[in-house]
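Engineer: What shape does this take:
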Amino acid sequence: MFRVNISAFLILGAVFISALLIGGTFFYGVFFFILFLLMLSNYMGKKVYKSMECLVWKVSDKVVTGAYVDYSAEIYNSSMFPIPYMEVYLNMPERLTGEKDEFNVRSLSPGGKIKLPKSFTCQHKGIYDLGSIEVIYSDPFFIFSWKKQFKYDISLIVYPRIYPIENMSIPANQLFGTISKKSNAFEDFTSVKDIRKYNIGDSFKKIHWKVSAHKGDLYVKNLDMNASTHMHLFLDLYESKYIGNRREDIEERAAECAASLINFAMSKGIGINLYAAAKEYINLSHKEAGTLETYFDVLASLNPKGTIDISQIIYKEAQKLNSGVTIIIITPKVDTNLISTASQMKLKGFEFIILEIKDESMSSDEIERYIPADIGYIAIPLDGKDNIIVRDKYA
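Structural biologist: Predicted coordinates:
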């Protein structure tokens with residue numbers, strides 16, 4: 001039972017006292033009639049409570065921000081009593097739909113059902129619970145009210161959008177891989193591109209002896225020049241950096257950058273580690289993840305509630321890495337601590353690229369002018385939707 005209309009019991013008490021003081025069959029008759037209505041209303045409400053059922057339907061389990069989703073809930077009343085007044089709360093998160101959830105007022109006949117459809121566009125990435133339905137209903141006399149909650153394990157995972165990457169050059173740090181390079185230092189002797197005649201000055205190591213013997217002249221191998229690289233991606237989720245009324249938009253844009261970079265890396269055969277410190281610390285390598293979807297599942301679950309500064313995380317993790325790897329930082333705000341840490345790591349041989357989410361409506365201290373020229377800096381407009389990379393000092 002949720003609520004009781006106390007006025008009905010006050011009337012019942014008043015009639016009972018009148019019957020005791022005045023007597024007569026009329027007042028006793030009124031008393032027993034009101035008592036009967038109270039008992040009947042309570043009985044009807046309890047029967048409806050046991051007989052009410054709910055089913056939830058949705059089209060997709062995993063979508064991307066901006067996708068259109070169809071959702072509906074069906075309420076069944078399998079009892080023999082009607083429901084004259086019923087409020088149904090779908091409990092749709094405002095972050096997901098972009099609008100406040102409003103309850104639906106319905107009535108339901110015995111053995112009847114109602115369908116409550118809802119279509120919406122996903123506004124922000126995340127993992128959302130869609131299986132929580134709440135129904136508040138009353139008996140025909142509005143004496144009692146009941147609340148029934150339906151809880152199902154139904155969730156919707158919304159991934160951040162992926163945008164094309166332009167002019168992103170990631171330095172190679174190991175021989176033999178999938179990244180095409182022009183330097184002879186990256187010649188792969190296990191991969192022959194084509195064969196040509198020997199020219200004076202060619203290395204004897206490149207001579208293709210079998211072809212030369214067959215053709216009676218010297219031929220050399222043109223080798224593919226490949227290298228491998230590894231991207232270490234740090235997503236800054238330090239809570240104090242996500243401020244202002246566009247906090248959720250900044251979080252979304254940072255996740256879009258991370259998703260786009262991960263997609264770019266995997267399409268190029270670049271190994272990638274994702275680091276983030278929200279409520280829990282994340283260190284996800286490409287060997288552990290295996291697929292793009294695994295990375296996106298992690299990105300969907302992250303939120304900017306970190307208590308550790310990104311500079312501390314970078315410094316700690318860099319101690320475990322070999323020099324020469326590329327460290328990419330996605331942050332809503334570049335500060336002096338980050339610049340100092342990047343400069344120190346740069347001296348140890350690390351490559352750095354900083355991506356800063358820029359809200360042009362907010363005043364800026366233009367700290368990027370103090371970023372050393374050998375550290376890549378990319379300004380990501382908060383409202384830009386065509387691509388991610390707008391400027392890269394390495395390109």
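Engineer: What residues of stretch 302-310 count as buried?
Structural biologist: Judged by neighbour count using 16 or more other C-beta atoms under 10 Å, the buried positions of stretch 302-310 are 302-304, 306, 309-310. In short, each C-beta sits where N, CA and C put it, glycine included.
Engineer: got it, and stretch 9-21?
Structural biologist: 12, 15-16, 18-19.
Engineer: K320: which of the residues you listed is nearest?
Structural biologist: L12 (75.3 Å; C-beta to C-beta).
Engineer: Was I right to think the closest one contacts F36?
Structural biologist: No. L12 is beyond contact range of F36, at 10.6 Å (criterion: C-beta atoms under 8 Å).
Engineer: returning to what we had before: in CSV, list the buried residues of stretch 302-310 along with secondary structure, pLDDT and distance to A255.
Structural biologist: Listed next are the buried residues of stretch 302-310 as CSV, based on DSSP: H, G, I helix; E, B strand; the rest coil; pLDDT from 0 to 100; distance: C-beta to C-beta, whole Å:
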residue, secondary structure, pLDDT, distance to A255
L302, coil, 92, 7
N303, coil, 91, 10
P304, coil, 91, 10
G306, strand, 88, 14
D309, coil, 90, 20
I310, helix, 91, 15
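Engineer: So which of those residues is the closest to Y281?
Structural biologist: Nearest to Y281 among the buried residues of stretch 302-310: G306, at 9.0 Å, using C-beta to C-beta.
Engineer: what's the burial count for the closest residue to that closest one other than its chain neighbours?
Structural biologist: If the residues on either side of it in the chain are set aside, G306 comes closest to L237, at 4.0 Å by C-beta to C-beta, 6 or more residues apart in numbering. Per other C-beta atoms under 10 Å, the neighbour tally for L237 reads 27.
Engineer: how about stretch 283-294: buried residues?
Structural biologist: 284, 286, 289, 292.
Engineer: what's in contact with that stretch?
Structural biologist: Stretch 283-294 is contacted from outside by 62, 262-263, 266, 271-275, 295, 298, 317, using C-beta atoms under 8 Å, 6 or more residues apart in numbering.
Engineer: Same check on stretch 108-117?
Structural biologist: In contact with stretch 108-117 (C-beta under 8 Å, 6+ apart) are residues 70-83, 86, 88, 90, 104, 106.
Engineer: most centrally placed residue in this protein?
Structural biologist: Residue closest to the average C-alpha location in the chain (C-alpha atoms, centre = their mean): A300, at 2.1 Å.
Engineer: Let me see the mean pLDDT of the helix or strand where it lies.
Structural biologist: Under the criterion of DSSP states H and E, A300 resides in helix 292-301. For helix 292-301, the mean pLDDT works out to 92.
Engineer: And stretch 71-90, by the same measure?
Structural biologist: Looking at stretch 71-90 alone, the average pLDDT works out to 91.
Engineer: got the end-to-end distance for that stretch?
Structural biologist: End-to-end distance of stretch 71-90 (C-alpha to C-alpha, to the nearest Å): 10 Å.
Engineer: And that stretch, what's buried?
Structural biologist: Neighbour-count burial for stretch 71-90, counted by 16+ other C-beta under 10 Å, picks out 71, 73, 75, 77, 79, 81-83, 85-86, 88-90.
Engineer: hmm, which two among those are most spread apart?
Structural biologist: Counting by C-beta to C-beta, the most remote pair of the buried residues of stretch 71-90 is Y71 and F81, 28.9 Å apart.
Engineer: Check the offset of stretch 77-84 from the chain's centre.
Structural biologist: Taking C-alpha atoms, centre = their mean, to the nearest Å, one finds the center of stretch 77-84 at 40 Å from the center of the full chain.
Engineer: ok, and what's touching that stretch?
Structural biologist: For stretch 77-84, contacts defined as C-beta under 8 Å, 6+ apart pick out 44, 47-48, 50-53, 107-113, 137-140, 142.
Engineer: could you pull out the helices for this protein?
Structural biologist: 6-22, 25-51, 94-97, 209-215, 247-267, 286-289, 292-301, 310-318, 336-347 (DSSP state H).
Engineer: Cheers, nothing more for now.
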